[in-house]
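Engineer: Sequence and predicted structure below; questions after.
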Amino acid sequence: MAARPDGTAGTTATELMSMISDERLRAADLIDSLTAEQLDAPSLCGAWTVRQVAAHLIAPFAARRRWFLPVLVRSRFNLHDANARLAELVARRPTDQISAVLRQNAQTPYRAPGVGFLGQLTDLQVHGQDIRRPLGLAHDLRPERLRASLDFLTGPRAIGFFVPRGLPTGLRFEATDLGWASGEGPTVAGPAEPLLLALTGRPVALDELSGGGVATLRGRLTR
């Protein structure tokens with residue numbers, strides 16, 4: 001499929017922004033629905049709690065400018081580490097403020113450095129599952145948004161940001177509920193949501209995938 005002027009395949013920037021806006025509103029509703037105990041529970045995202053994952057979603061809008069340089073220095077200019085530190089600072093806000101900032105910025109056209117709107121859309125979907133999965137909450141991910149994120153995750157822009165280097169090399173990924181596929185080699189097949197999590201380095205859903213490439217993928221994720 002031909003790429004659009006903004007580098008996306010088959011989805012315009014306006015369409016992506018509409019998806020992002022809706023995902024931010026859905027995330028705000030999810031956060032408001034959680035109890036204090038649920039907010040303090042571990043998420044799927046490293047050592048973060050659910051509350052810290054929620055705070056990460058508003059970091060581009062809520063982090064104070066004076067925090068950035070000291071945080072970057074303490075993180076030795078590692079953007080992933082700096083991002084984590086910012087989320088921890090923002091997580092000190094009351095939860096209702098976190099959801100309010102998401103709603104206030106639902107239509108803010110923030111393009112994450114290096115990954116643009118597709119990175120934002122993928123971030124919202126993945127972190128939504130970082131919250132829902134450990135809490136046993138069902139997901140309601142939209143097929144067209146999953147497809148856009150899977151295209152992004154199996155392309156070059158996501159490597160090193162969302163997808164660990166070398167993780168998808170030599171494997172074919174198939175989303176059986178979307179009729180979507182990417183790559184060449186032994187197959188990793190299953191619903192789109194477990195594929196989304198696996199491609200972003202989360203082994204929690206590997207048992208929901210099948211095919212000759214799963215053992216290789218498992219080895220790369222757990223080494």
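Structural biologist: That came through fine. Only a predicted model underlies this, so the values are computations on that prediction, with no experimental measurement involved.
Engineer: residue ranges with poor pLDDT in the chain?
Structural biologist: 1-9, 63-83 (pLDDT under 70).
Engineer: where exactly do the strands run in it?
Structural biologist: For the chain, the strands defined by DSSP state E occupy 172-175, 180-182, 187-190.
Engineer: nearest to Ala62, of those?
Structural biologist: When the strands of the chain are compared by Cβ to Cβ, strand 172-175 sits nearest Ala62, at 33.5 Å. Glycine gets a C-beta too; all of them are placed from N, C-alpha and C.
Engineer: Give me the distance from the closest one to the chain's centre.
Structural biologist: Offset of strand 172-175 from its chain centre (Cα atoms, centre = their mean, to the nearest Å): 18 Å.
Engineer: Give me the buried stretch members for it, please.
Structural biologist: Arg172, Phe173, Glu174, Ala175 (16 or more other Cβ atoms under 10 Å).
Engineer: okay if I get those residues as CSV plus distance to Gln104?
Structural biologist: Converted to CSV, the buried residues of strand 172-175 look like this (distance: Cβ to Cβ, whole Å):
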residue, distance to Gln104
Arg172, 42
Phe173, 36
Glu174, 39
Ala175, 33
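Engineer: Adding distance to Leu124, write the strands of the chain out as JSON lines.
Structural biologist: JSON lines is the format used below for those (distance: least, Cβ to Cβ, whole Å):
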{"stretch": "strand 172-175", "distance to Leu124": "18"}
{"stretch": "strand 180-182", "distance to Leu124": "19"}
{"stretch": "strand 187-190", "distance to Leu124": "21"}
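Engineer: wait, which of the ones you listed is closest to Arg111?
Structural biologist: Per Cβ to Cβ, nearest to Arg111 of those: strand 180-182, 23.5 Å.
Engineer: any residues touching the closest one, and which ones?
Structural biologist: Identification of contacts with strand 180-182 by Cβ atoms under 8 Å, 6 or more residues apart in numbering yields Arg147, Leu150, Asp151, Thr154, Arg172, Phe173, Glu174, Ala175, Ala192.
Engineer: I'd like to know which of these is nearest to Gly119.
Structural biologist: Asp151 (12.5 Å).
Engineer: separation between that closest one and Arg85?
Structural biologist: Computed as Cβ to Cβ, to the nearest Å, the Asp151 to Arg85 distance reads 31 Å.
Engineer: Please apply the same query to Pro164.
Structural biologist: In terms of Cβ to Cβ, Pro164 sits 21 Å off from Arg85.
Engineer: Give me the more crowded residue out of those two.
Structural biologist: Ranked by neighbour count (other Cβ atoms under 10 Å), Pro164 and Arg85 place Arg85 first, with 19 against 13.
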